[in-house]
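Undergrad: whatever this is, show me its structure:
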Amino acid sequence: MRIVELTALSDVQVLDILVLMRELDPEIAVTSEMLRRAVEAAETHFFAALEDDGHVMGCASFCVFASPTGRKASVEDVVVSSSCRGRRIGRQLVEAILDFARRELAPVEIHLTSRPHRVAANELYRSLGFQQKETNVYRLCISG
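TA: Prediction:
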């Protein structure tokens with residue numbers, strides 16, 4: 001297993017990631033076009049845990065943006081295949097993102113959100129130095 005940043009996706013990788021996105025949230029509708037657009041976007045860094053045969057067993061997105069108060073980034077959509085959990089793959093994905101941020105982006109403020117019921121994920125983020133912020137998170141979906 002190795003962690004890599006992908007800048008393009010093979011058809012097999014698209015299928016693997018679509019399965020992972022359904023595991024992350026069965027309610028979301030992700031298409032292959034959405035995946036390819038995200039992976040190819042300059043402001044998005046897409047990290048994947050690849051098996052020796054090239055299949056994706058886990059992934060995470062790292063979205064970078066500039067704001068008047070400094071460069072910020074968001075860790076998004078961290079998911080590991082249910083058949084591969086317990087092998088510290090999620091930790092390795094987030095560590096790869098943090099290493100990239102230290103090497104390529106510092107100074108940068110990194111944010112992430114995690115649902116409270118994802119106990120293992122929340123413990124992982126705290127163990128990596130993330131601190132829970134007292135804030136409200138709002139969402140507004142604008143469809144077109």
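
Undergrad: so what pLDDT did the residue nearest the centre of the chain get?
TA: With distances taken as CA atoms, centre = their mean, the residue of the chain nearest its centroid is Ala60 (2.1 Å). Model confidence at Ala60, expressed as pLDDT, equals 98.

Undergrad: now do the buried residues in the helix or strand harbouring it.
TA: Ala60 belongs to strand 56-67 when elements are defined using DSSP states H and E. Of the residues in strand 56-67, 56-64 count as buried by neighbour count, 16 or more other CB atoms under 10 Å. The C-beta positions use only the backbone N, C-alpha and C, and glycine is treated the same way.

Undergrad: would you map the helices across this protein?
TA: Counting by DSSP state H, the chain has helices at residues 11-24, 32-40, 89-104, 119-127.

Undergrad: for the third one, which helices and strands make contact with it?
TA: Packing contacts for helix 89-104, counted by 3 or more CB pairs under 8 Å, 6 or more residues apart in numbering; DSSP states H and E, involve strand 2-6, strand 44-50, strand 56-67, strand 70-80, strand 109-112, helix 119-127.

Undergrad: which other residues reach that helix?
TA: Judged by CB atoms under 8 Å, 6 or more residues apart in numbering, the contacts made with helix 89-104 from elsewhere in the structure are 1, 3, 5, 45, 47-49, 57-60, 62, 73, 75, 78, 80, 108, 110, 120-121, 124-125, 127-128.

Undergrad: about what we covered before: in TSV, list the buried residues of strand 56-67 along with distance to Leu140.
TA: Rendered in TSV, the data for the buried residues of strand 56-67 read as follows (distance: CB to CB, whole Å):
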residue	distance to Leu140
Val56	30
Met57	33
Gly58	29
Cys59	26
Ala60	24
Ser61	20
Phe62	23
Cys63	18
Val64	22
